[in-house]
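Asks: I would like the atomic coordinates for the input below:
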Amino acid sequence: MPNVQGYEAKHFVVTSPTENVLRVEINRPEKLNAFFEPMWLELGSLMNKVSHDPDYRAVVITAAGERAFTAGLDVEAASQGGALGVSKDVDPARKATQVRRHIDEFQACISAVEKCEKPVIVAMHGISIGLAIDLSSCADVRFCSKDTRFSVKEVDIGIAADIGTLTRLPKIVGSFSWVKEVALSARWFDAEEALRVGFVSQVFDNKAKTVEAAIEYATLLASKSPIAVQGTKELLNHARDNTVADSLRYTAIWNMSMIQCKDTQDALMAGLKKKKPTFSKL
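Replies: You can find the predicted model right below:
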């Protein structure tokens with residue numbers, strides 16, 4: 001199936017399964033969907049594009065194959081270039097600068113999932129380690145299948161996770177002790193444990209049902225006012241990172257303009273007439 005026009009990518013299959021929903025499928029199953037530099041650059045580009053595309057109101061991220069959502073970083077490819085392949089012939093300061101720039105770029109590409117104005121739902125299955133945690137922590141809603149196996153794997157390759165897990169995961173789950181337990185040890189945890197601590201919100205029997213549920217949920221979001229949905233995402237993310245007083249102030253300033261949208265009137269009238277409302281593009 002060809003990619004949606006304007007969303008051409010070598011390592012992702014991009015389709016629109018339902019109206020106003022974009023599905024981005026990681027497509028490197030022969031390598032357990034492990035990422036190397038061209039992949040995260042493509043992902044960042046795709047997410048930045050859909051963020052401002054009025055034709056789509058929700059995004060679902062899935063992965064090809066049955067074995068893995070993603071096995072994380074392709075260490076072999078990384079060792080031949082990028083941060084792990086920086087020349088040893090330069091002095092420490094210059095090498096450090098190259099590494100920092102590389103990490104900044106990598107972080108920005110994955111953070112594009114979080115910064116996307118549209119809600120992003122991730123549907124995980126199978127092996128979901130390392131970068132899988134970074135990427136899914138950026139998503140708004142996380143679903144997974146019963147066979148999903150997770151690990152914050154970075155300490156096992158001799159580094160501290162640096163693409164977002166150590167920043168976001170403590171704000172997602174309720175126990176800082178649990179975050180440290182899994183991040184320090186790189187131990188595996190399953191779908192049941194991920195649900196128990198609040199990392200995922202729903203677990204399904206298999207990959208197919210997980211993807212189906214994610215698309216169904218995205219379709220529901222896409223049917224609602226894009227002003228309301230995108231505003232809710234923005235305000236929730238702001239509340240996570242700021243004080244209650246600052247967030248209340250930001251919410252008031254946000255809604256003093258957004259509450260004047262036509263969507264509010266359309267939704268109220270549709271409710272009175274018992275009809276499904278339709279909303280203009282944003």
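
Asks: Where do the strands of the stretch 101-250 of the chain begin and end?
Replies: Assigned strands in the stretch 101-250 of the chain, in chain order: 120-124, 127-129, 141-145, 149-151, 189-190, 202-204 (criterion: DSSP state E, counting those that start in this stretch).

Asks: quick one, which of those is packed in tightest?
Replies: Sort the strands of the stretch 101-250 of the chain by mean neighbour count, taking mean count of other CB atoms under 10 Å, and strand 120-124 sits at the top with a mean of 29. Yep, even glycine has a C-beta here, placed from its N, CA and C like the rest.

Asks: From Ser111, how far out is the residue nearest to the spatial centre of the chain?
Replies: Most central in the chain under CA atoms, centre = their mean is Ala139, positioned 3.2 Å from the mean C-alpha point. To Ser111, Ala139 is 12 Å away according to CB to CB, to the nearest Å.

Asks: picking up where we left off before, residues contacting the residue nearest to the centre of the chain?
Replies: Ala139 makes contacts with 61, 113-114, 120-122, as judged by CB atoms under 8 Å, 6 or more residues apart in numbering.

Asks: Between these, which sits nearest Lys276?
Replies: Ile121 (21.5 Å; CB to CB).

Asks: That closest one reaches Cys144, doesn't it?
Replies: No: the pair Ile121 / Cys144 is not scored as a contact, 11.3 Å apart, by CB atoms under 8 Å.

Asks: Farthest pair within the contacts of Ala139?
Replies: Spanning the widest gap among the contacts of Ala139 are Glu114 and Ile121, at 13.0 Å by CB to CB.

Asks: any chance of the contacts of Ala139 in CSV, plus distance to Phe12 and pLDDT?
Replies: CSV is the format used below for these (distance: CB to CB, whole Å; pLDDT from 0 to 100):
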residue, distance to Phe12, pLDDT
Ile61, 9, 98
Val113, 13, 98
Glu114, 18, 98
Val120, 14, 98
Ile121, 16, 98
Val122, 14, 98
